[in-house]
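S.K.: from the sequence below, what's the structure:
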Amino acid sequence: MDCMDKALPMIPDQANGTGVVTISFIDLTDLEDPPGLTEASRSSRTRQSLFSSIRRISQIVGPEQANKPNGSIVMSSVLCFIGLLAFGCVAVAYPLRPILITIGIVAFIILSSLVVLTVLDLKSNKLASYAYRRNLGNTILTICLAIPFFMLLYAFLWFPDLNKTVSRFSQDIVDEVQFPALALFQNSNWTSQANIRSKSMKCFLGWLKEDAVLCDDLPPEQLIPGQSCNCKAGWTNDVIEGFHWQNTTYRYLSWRPTPKLIDRVPAFLMTLQAFFTYNASQSLADSSATQSPSLWLAIYDPKLDLNDALRMGYTRMVLISANGNNAINLGLTYRQAPNFPPAYDYDLSLSSNQNLNLVCDTSPGKYIRPCHVTFFIQFPTFDRRVILQQPVMRWMDVAASAGAYFSFVQFVSWILSGQAMAT
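M.R.: The predicted structure is shown next:
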């Protein structure tokens, strides 16, 4: 017995007259250090106090030793299982093949060690006089069944589903939406396309009104149908040359809304105009037919760059008739392409009204003035379809599945360990 377990007897109480000796015990760890105690002695006294505290705590919460299976093995198995669960949380958060292999090896080593130690412990002659404790057997059996069962589930069910993505559909209604960005492309090698110009481009919210105020000068509550404003500042100043897409070279003009251009009312009309010329004689010579001038149109999420919108598949070029008016209704689809962040991918419903003449024909003796292409763009409703890429299983799905399967493992071990028949 060390000094921490010793006690000092007190002097019998002579005043009570009963002849009963009252003895009190004082823990030496509560006594103040005697004078002249060296630093080494004080350090030794501190370590002894710490070890004593740990021993007392372990006697309360630790395993019972005089049992079969041995309490130390049960405690070790519980700690190993907790550590493996922590590793499993990492494997769920990062479902990578190297982690799958690593956790499989660790689980095999832990399971093999627990099985071997438990079998040797149960067969030991030293424990022949100890009674089998069904609750301890239930703990060991639960862990030994859960480790391989969970590893098989992770390898063949959870791991594939964590790495497999599916599209999940939903629908909602938004309160407002920013007006879309627009780009007009001319194929540089196709003479039947309109020759777009970098002058006089127009943009209005509402109907065309040349003396309308700038949209950015209006407060948000006035950007409503019936209030016209000028938004031509969104056009690029010049035609962008040498744009390459899918082995084809284009020239293009683009319009992008300023941050204040927010549509808060369905069917709020936006009108855009761009100007061009056209050589009908050259078209006839190259194509053996006098074709109507055309352009390629792309409408995309203004949060994206034009190159990114095309590359990610959130927009695509649509061939339109340039010599006329084009009404475009946009449907809201918020979509996530694989391996890319989500963005709007508008559904286009387009109708065209052709002009009866061509005043911009640059053939000799035919040119009068530049032609213009007009777009009337609106969101008929604010109903939005949402398509997001999500894994088949997420960590909360794995946690729910693991809890259900663990209940099954507990039921099996409850029966096999004999705990079900305990009295």
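
S.K.: isn't residue 74 right up against residue 136?
M.R.: Yes. Proximity of residue 74 to residue 136 meets the contact threshold set by Cβ atoms under 8 Å, at 5.1 Å. Glycine gets a C-beta too; all of them are placed from N, C-alpha and C.

S.K.: and the strands in the stretch 51-200 of the chain?
M.R.: 165-173, 177-178, 181-187, 195-196 (DSSP state E, counting those that start in this stretch).

S.K.: contacting residues for residue 348?
M.R.: 299, 318, 328, 329, 330, 331 (Cβ atoms under 8 Å, 6 or more residues apart in numbering).

S.K.: any chance of JSON lines for the residues you listed, columns distance to residue 177?
M.R.: Below are these laid out as JSON lines (distance: Cβ to Cβ, whole Å):
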{"residue": "299", "distance to residue 177": "13"}
{"residue": "318", "distance to residue 177": "20"}
{"residue": "328", "distance to residue 177": "15"}
{"residue": "329", "distance to residue 177": "13"}
{"residue": "330", "distance to residue 177": "9"}
{"residue": "331", "distance to residue 177": "11"}
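
S.K.: take those and keep only those in strands.
M.R.: Taking DSSP state E, the ones among the contacts of residue 348 that sit in strands are 299, 318, 328, 329, 330, 331.

S.K.: kindly reformat the residues you listed as a markdown table containing neighbour count and pLDDT.
M.R.: A markdown table is the format used below for the ones in strands among the contacts of residue 348 (neighbours: other Cβ atoms under 10 Å; pLDDT from 0 to 100):
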| residue | neighbour count | pLDDT |
| --- | --- | --- |
| 299 | 23 | 97 |
| 318 | 15 | 95 |
| 328 | 22 | 96 |
| 329 | 17 | 97 |
| 330 | 22 | 97 |
| 331 | 15 | 96 |
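
S.K.: next, count neighbours for residue 305.
M.R.: With neighbours defined by other Cβ atoms under 10 Å, the count for residue 305 comes to 14.

S.K.: try residue 173
M.R.: By the other Cβ under 10 Å criterion, the neighbourhood of residue 173 contains 9 residues.

S.K.: OK, contacts around it?
M.R.: Each residue near residue 173 by Cβ under 8 Å, 6+ apart is listed here: 382, 383, 384.

S.K.: of those, which is the nearest to residue 92?
M.R.: Distance from residue 92 was checked for each of these by Cβ to Cβ. The minimum falls on residue 384, at 31.7 Å.

S.K.: surely that closest one is in a strand?
M.R.: Yes. With DSSP: H, G, I helix; E, B strand; the rest coil as the criterion, residue 384 is located in a strand.

S.K.: number the residues from 58 up from this point.
M.R.: Sure thing, new numbering starts at 58, so read that last one as residue 441.

S.K.: just checking, it touches residue 387?
M.R.: No. Checked against Cβ under 8 Å, the pair residue 441 and residue 387 is beyond contact range at 11.1 Å.

S.K.: let's have the strands of the stretch 108-257 of the chain in JSON lines, adding mean pLDDT and distance to residue 289.
M.R.: Output for the strands of the stretch 108-257 of the chain, formatted as JSON lines (pLDDT from 0 to 100; distance: least, Cβ to Cβ, whole Å):
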{"stretch": "strand 222-230", "mean pLDDT": "92", "distance to residue 289": "31"}
{"stretch": "strand 234-235", "mean pLDDT": "94", "distance to residue 289": "17"}
{"stretch": "strand 238-244", "mean pLDDT": "96", "distance to residue 289": "13"}
{"stretch": "strand 252-253", "mean pLDDT": "94", "distance to residue 289": "16"}
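
S.K.: buried residues in stretch 248-263?
M.R.: By neighbour count, with 16 or more other Cβ atoms under 10 Å as the criterion, the buried positions of stretch 248-263 are 248-254, 258-263.

S.K.: let me know the closest of those to residue 464.
M.R.: Nearest to residue 464 among the buried residues of stretch 248-263: residue 262, at 60.6 Å, using Cβ to Cβ.

S.K.: what about the closest residue to that closest one other than its chain neighbours, how many neighbours?
M.R.: Closest residue in space to residue 262, ignoring its immediate chain neighbours: residue 286 at 5.0 Å, by Cβ to Cβ, 6 or more residues apart in numbering. By the measure other Cβ under 10 Å, the count of residues near residue 286 is 19.

S.K.: now the one 4 residues further on
M.R.: The tally of other residues near residue 290 (other Cβ under 10 Å) stands at 14.

S.K.: residues touching it, list them.
M.R.: Going by Cβ under 8 Å, 6+ apart, the list of residues near residue 290 reads 271, 273, 315.

S.K.: same thing but at 10 Å, please
M.R.: With contact set as Cβ atoms under 10 Å, 6 or more residues apart in numbering, residue 290 has these partners: 260, 271, 272, 273, 312, 313, 314, 315, 318.

S.K.: Validate this expectation: it resides in a strand.
M.R.: No. Remark: residue 290 does not belong to a strand; assigned using three-state DSSP, it is helix.

S.K.: report pLDDT for it.
M.R.: Confidence per residue is given as pLDDT, and for residue 290 that number is 90.

S.K.: same thing with the one 3 residues further on?
M.R.: Residue 293 is assigned a pLDDT of 92 by the prediction.
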